[in-house]
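# Give the three-dimensional model of this entry:
(chains A and B)
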Amino acid sequence: MTDISSGSLLLTTTDKVRASLAKRHRKQRILQGFGIAAISIAFLMLFILLWSQIATGYKAFMQTNITLDIYVDPAEINVDRLPRGDFDDVLTAALLEKLPNVDATDRAAVREASGIFSNGAQFDLRDRIVEDPSLIGQTINMRMPVSDPYDQLYKELLDRETPEELRRLNDLQIANYDQLLDAGAITSKLNTGLITNADSRFPELAGLKGALLGSFWALLVCFLIAFPLGIGAAVYLEEFAPKNKISDFIEVNINNLAAVPSVVFGLLALSVFIGLFGLPRSVPFVGGLTLALMTMPTIIIATRAALKAVPPSIREAALGVGASKQQVVFGHVVPLAMPGILTGTIIGLAQALGETAPLLLIGMNAFITSAPGSPFDSATALPTQIFIWADSPERGFVSRTSAAILVLLTFLIMMNAIAIYLRSKFERKW
Amino acid sequence: MYYLKLTASACAVAAISATASVAQSRDEIRIVGSSTVFPYTQAVAEQFANNTGAPSPIVESTGTGGGMQIFCGGIGEAHADITGASRAMKASEFQLCQDNGVTEITEALIGFDGLSLAISRANDAAWDLTLGEIYLALGAQVPVDGEWADNPYTMWNEINPDLPAVEILAYGPPPTSGTRDAFVELAMHAGCEELAFVEEGGFDGDWVGENCSRMRTDGPFVEAGENDNLIVQRLEADSNALGIFGYSFLYENLDKLKGVQIEGVEPTIDTIADKSYPVSRPLYFYIKNAHRGVIPNLNEFIEEYMSDDALMTGGYLSERGLVPLAEDRIVELQDAVLDGVSMEAPQ
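A predicted model of the protein is given here:
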C-alpha cells in the first residue's frame, strides 16, 4: 500500500508540474506581451511627439526669399545723411521694375505690393550701404527674406481658395507674387537665419541666436559652479566624512533636494539672487546660478555612485605603499571615477538645458532683439524662447516653435550621446 | 591638486566678473507688464533698436499685476522703467508706488483691445449671443427656478431655444491671465447684471462681484492655459467649441475662425474702437518720470512709441491688432506723454 501511495504521489507531482506547465508558459507569455506592449506604447508616444514636431517644424527650416537688382539711387540716399535715407523707397523702386502692371502713382497699390518686403529688408540694405558707401549710384543684387504672409503662401500654408476678404493677402498681392515667381525672383533657401538671427517680432527674421547663446552662458555658469562644488561635496561625503547621524542627515537631504520641483529653485533665485544680492533680472548668470542649485544634487549623487564603484582594493593598495588619504583620493579614486562623474554631469546639464520654470521666474522670457555677448547681458534660453514663440499670434511662429523644439531636442540628444560615449569608452569593469 | 586649482580659479573668475558687471550702469531700457500690451511694446522696441542702433530694450511679459509690483519697487537702475497694463493702475498700486518713492508717473492710454469669442468657420450657425447668455453658459452659479444654484445648462438651446442645439464648450484663459480678469469683468459681470433675477432682486455691484466672478468648473468651460495658439488649434479641431482670447489672435486667424457676435455686434477694429462691441478694454503703459534723462535712450524710446508711425490708424501697431484711438486723442496723448505730465492718484 505504501509503495502504491508513494508511487501515486510521485506520479501526481509530475502530473501537477505537467498540468501547471501550460499555465506557467501562458503567464510567461502574458508577461512578455505586457513588456512588449509597454515598450511599443513608449515608442509610439515618442514617435508621435517627434512626428508632430517634424511635421509642423520642417517648413521653418526653409525660408522664402526675394532676389532683386537694386539701383541705389543717389537722389534717395545721400552719403552725407547716412545712416538715414529712404531705403524703403529704393527697395520699392526695384520691386516695381519687376512688376510693370503696378501703377507707380497709385500709392495704395504700391503699398500693397511692397508688403512683400520683410521689415528687415530696409535695414539690411542700410547696413550694407553704410559699410560701403561707394555702392551709392550702383546696382546691387540682394536676396532678402519675404514677409510672413508670402512665406506662408510659398509653403502652401495660406490657402488660395479662401475668400479674398479672409486672406492675409488679397488677389492683387497674390497676382504680383505669381509674377515675381514666374520671373524667378522668388526662391526658397535653407533658413540660416533661424540660427544666426536674434529674436524678432517678425517670424521671417526671428532666430535662435540669442536663445542659444543665453543657454550656452547659463550652462557654462551652471557647470563652473555645480561641477566643482558637486564633486567636492561627493568626495567629502564618500571618502572623508565620518559615518554618523549628521552625515546621514545630509545624505537624506541631498536626495530630497534632487526631487524638489524646479519652480521652487526659481522662487528662491528670485528672492535671493535678484531680491537680496541685487543681481539684474533676465541675465544668464542668474539663470546659471539657479540651474546650478538644481544640477548640484544630481552631480553629487552620480559622483558618489561613481566613487562607490571604485573597488576598495585600489584604495588599500595605494594606502599600503604609503600614500596619504588625499593622494589616494585625487591620485587614484577620482580619476578612475571620472567617466561616471562626467556622465552624471552631462545628464544633469541636459536636464538644466531643458528647464523652463525657474527661468520664467527670473525673467529669462523677455523679448530681446540682440544676442548676449556675456553672461551679464539679458537673454532668453532655448526653452523660454519656445515658450515665447508658442504664444505669438503670427502664423509663422507655429512652425518656428516646432523648429525650435527640434533644435532643443537635437542638443539634448547630442548631450546624452556624449554621455553614453564617455561611459562606454572609458568605463572600467573590475 | 589640479582640481582644487581649477575650482578655485573658476570661482575667482566668476566672482570677479560678477562684481565687474553689476557695477556697470544699465544702458538698455527695461519694460515689464501685461501680456496683452507685450506684442505692441515688442514691435516698438524692435523698430526703435533698428532705427537708432541703440541697445535693444528688454521687454518682459509679467502680467499686469506682476508688472506693477516690479515697476513700483522703487527708483534706480534695478527697477523697470516702463510697465504695460491691460487695465488702469489701481489706487492700491499707485499707493505702493508712492510708498517706494515712485511719485512721478506718466500714464499713456495707447488704444483698445477687444476680447473676442470665436468659433471655427466650419460651424455654419450664425452665432449671436447676449452677455446674459454668455453668463448663463459659463458662470459657476446661475438662477434656477428663482434660486441661485449651480449651473445646470449643458446645451446652448437650453439657454435660448434660438441658439444651436450643441453642447456648451468654451476654451478660455486661466485665472492668472489679464485676459481672464478682463473677461470676467467685462462679460461675466455685465452679463450677470443683465439677468432678470439680479435686476429684480435688487442686488448691487458688490453682490455681483462676489457671486458672478467664478467660471464654471464642471466641464463646459475649459482653461486652456496662457497659450492662445493652442486654443486656435482646438477650435479648428472641434467646430462647436468657442474660444476666448484677445482680438489679435482672431485677426491673425480670420481664415479659420469667425468672431461670435455679442449683442448683435461683430468684433472688428471699427466696432472695438467706437466701443459698440461691448467686450473691449483699454491698454495702458506707465512711465517712471524719474528715469527720464537718466536711463540712456528712454526719451527716444518714448518718442518712438508716441510716433504717428506707431500709433495712428494703419501704423505698425494697428497692423499687429491694436485698435487705435481717434486721431485727436492721439495728438492729445502725444503732447501729454512727451511733456511727461504726471498722473493723478486713481480713485
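
# Please make it C-alpha for all contacts and neighbour counts, starting now.
Fine.

# Chain B contacts on the stretch 151-300 of chain A?
Applying Cα under 8 Å from any Cα of the partner chain, one finds that the stretch 151-300 of chain A approaches chain B through A:162, A:166-167, A:200-201, A:221, A:224-225, A:228-229, A:278-280.

# Got a quick PyMOL command for the buried subset of the residues you listed?
Buried subset of these, written as a PyMOL selection, criterion 16 or more other Cα atoms under 10 Å in any protein chain shown:
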select buried, chain A and resi 166+167+200+201+221+224+225+228+229+279+280
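
# any chance of the residues of the stretch 151-300 of chain A next to chain B in a markdown table, plus secondary structure and distance to B:Val142?
Listed next are these as a markdown table, based on DSSP: H, G, I helix; E, B strand; the rest coil; distance: Cα to Cα, whole Å:
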| residue | secondary structure | distance to B:Val142 |
| --- | --- | --- |
| A:Thr162 | coil | 41 |
| A:Leu166 | helix | 37 |
| A:Arg167 | coil | 40 |
| A:Ser200 | coil | 46 |
| A:Arg201 | coil | 43 |
| A:Val221 | helix | 55 |
| A:Leu224 | helix | 59 |
| A:Ile225 | helix | 57 |
| A:Pro228 | helix | 61 |
| A:Leu229 | helix | 59 |
| A:Gly278 | coil | 49 |
| A:Leu279 | coil | 50 |
| A:Pro280 | coil | 48 |
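
# Which of the residues of the stretch 151-300 of chain A next to chain B lies at the shortest distance from B:Phe285?
Distance from B:Phe285 was checked for each of these by Cα to Cα. The minimum falls on A:Arg201, at 19.3 Å.

# what residues are up against the closest one?
Applying Cα atoms under 8 Å, 6 or more residues apart in numbering or on different chains to A:Arg201 gives the contacts B:Pro39, B:Gln42, B:Ala43, B:Glu46.

# Among those, find the lowest-pLDDT one for me.
Lowest-confidence member of the contacts of A:Arg201: B:Pro39, scoring 85 (pLDDT).

# and chain A, which of the contacts of A:Arg201 reach it?
Of these, the ones that also sit near chain A (Cα under 8 Å from any Cα) are B:Pro39, B:Gln42, B:Ala43, B:Glu46.

# quick one on the thing from earlier: reformat the residues of the stretch 151-300 of chain A next to chain B as a markdown table; add distance to B:Cys97.
Output for those, formatted as a markdown table (distance: Cα to Cα, whole Å):
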| residue | distance to B:Cys97 |
| --- | --- |
| A:Thr162 | 51 |
| A:Leu166 | 45 |
| A:Arg167 | 46 |
| A:Ser200 | 32 |
| A:Arg201 | 31 |
| A:Val221 | 35 |
| A:Leu224 | 39 |
| A:Ile225 | 37 |
| A:Pro228 | 43 |
| A:Leu229 | 41 |
| A:Gly278 | 19 |
| A:Leu279 | 21 |
| A:Pro280 | 20 |
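
# Now the host helix or strand of A:Ala175: buried residues?
With elements taken from DSSP states H and E, the one containing A:Ala175 is helix A:171-182. Of all the residues in helix A:171-182, those buried under the rule 16+ other Cα under 10 Å are A:Gln173, A:Asn176, A:Tyr177, A:Gln179, A:Leu180.

# Stretch A:299-314 too?
Within stretch A:299-314, the residues that count as buried by 16+ other Cα under 10 Å are A:Ile299, A:Ile300, A:Ile301, A:Ala302, A:Thr303, A:Arg304, A:Ala305, A:Ala306, A:Leu307, A:Ala309, A:Val310.

# Serialize the residues you listed to CSV and add fields for secondary structure and pLDDT.
Formatted as CSV, the buried residues of stretch A:299-314 follow (DSSP: H, G, I helix; E, B strand; the rest coil; pLDDT from 0 to 100):
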residue, secondary structure, pLDDT
A:Ile299, helix, 94
A:Ile300, helix, 94
A:Ile301, helix, 94
A:Ala302, helix, 93
A:Thr303, helix, 94
A:Arg304, helix, 94
A:Ala305, helix, 93
A:Ala306, helix, 93
A:Leu307, helix, 94
A:Ala309, helix, 91
A:Val310, coil, 92
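
# Count the residues that sit near the residue of chain B found nearest chain A.
Shortest chain B-to-chain A distance, computed as Cα to the nearest Cα: residue-wise this is B:Glu60, at 4.1 Å. Under the neighbour criterion other Cα atoms under 10 Å in any protein chain shown, B:Glu60 is assigned a count of 28.

# how close does whatever residue of the stretch 51-200 of chain A ends up closest to chain B sit to A:Thr298?
Distances from the stretch 51-200 of chain A to chain B, computed as Cα to the nearest Cα, single out A:Leu166 as the nearest residue at 4.9 Å. Separation of A:Leu166 from A:Thr298 (Cα to Cα, to the nearest Å) stands at 53 Å.

# ditto for A:Ile386
For A:Ile386, the distance to A:Thr298 - Cα to Cα - is 25 Å.

# Equivalent analysis for A:Gln385, please.
When distances are taken as Cα to Cα, A:Gln385 and A:Thr298 turn out to be 25 Å apart.

# can you check A:Phe411 too?
When Cα to Cα is applied, the distance between A:Phe411 and A:Thr298 equals 19 Å.

# okay, the two: which has more neighbours?
Counted by other Cα under 10 Å, A:Phe411 and A:Thr298 do not tie: A:Thr298 has more neighbours, with 24 against 15.

# so that one makes contact with A:Ala258?
Yes. Shown here, A:Thr298 and A:Ala258 form a contact pair, counting by Cα atoms under 8 Å, at 6.1 Å.

# rewinding a little: would a markdown table of the contacts of A:Arg201 with secondary structure and neighbour count be doable?
Formatted as a markdown table, the entries for the contacts of A:Arg201 read as follows, by DSSP: H, G, I helix; E, B strand; the rest coil; neighbours: other Cα atoms under 10 Å in any protein chain shown:
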| residue | secondary structure | neighbour count |
| --- | --- | --- |
| B:Pro39 | helix | 22 |
| B:Gln42 | helix | 24 |
| B:Ala43 | helix | 19 |
| B:Glu46 | helix | 20 |
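
# roughly how far out does the longest strand belonging to chain B sit from the chain middle?
The single longest strand within chain B, with elements called by DSSP state E, is strand B:105-120. With Cα atoms, centre = their mean, to the nearest Å as the basis, strand B:105-120 stands 7 Å off its chain's centre.

# So is that strand next to chain A?
No. Strand B:105-120 stays out of contact with chain A when judged by Cα under 8 Å from any Cα, the minimum separation being 13.0 Å.

# so what secondary structure elements neighbour the next helix or strand after that strand?
In the C-terminal direction, the helix or strand that comes right after strand B:105-120 (DSSP H and E) is strand B:128-129. Counting contacts by 3 or more Cα pairs under 8 Å, 6 or more residues apart in numbering or on different chains; DSSP states H and E, the secondary-structure elements packed against strand B:128-129 are strand B:261-262.
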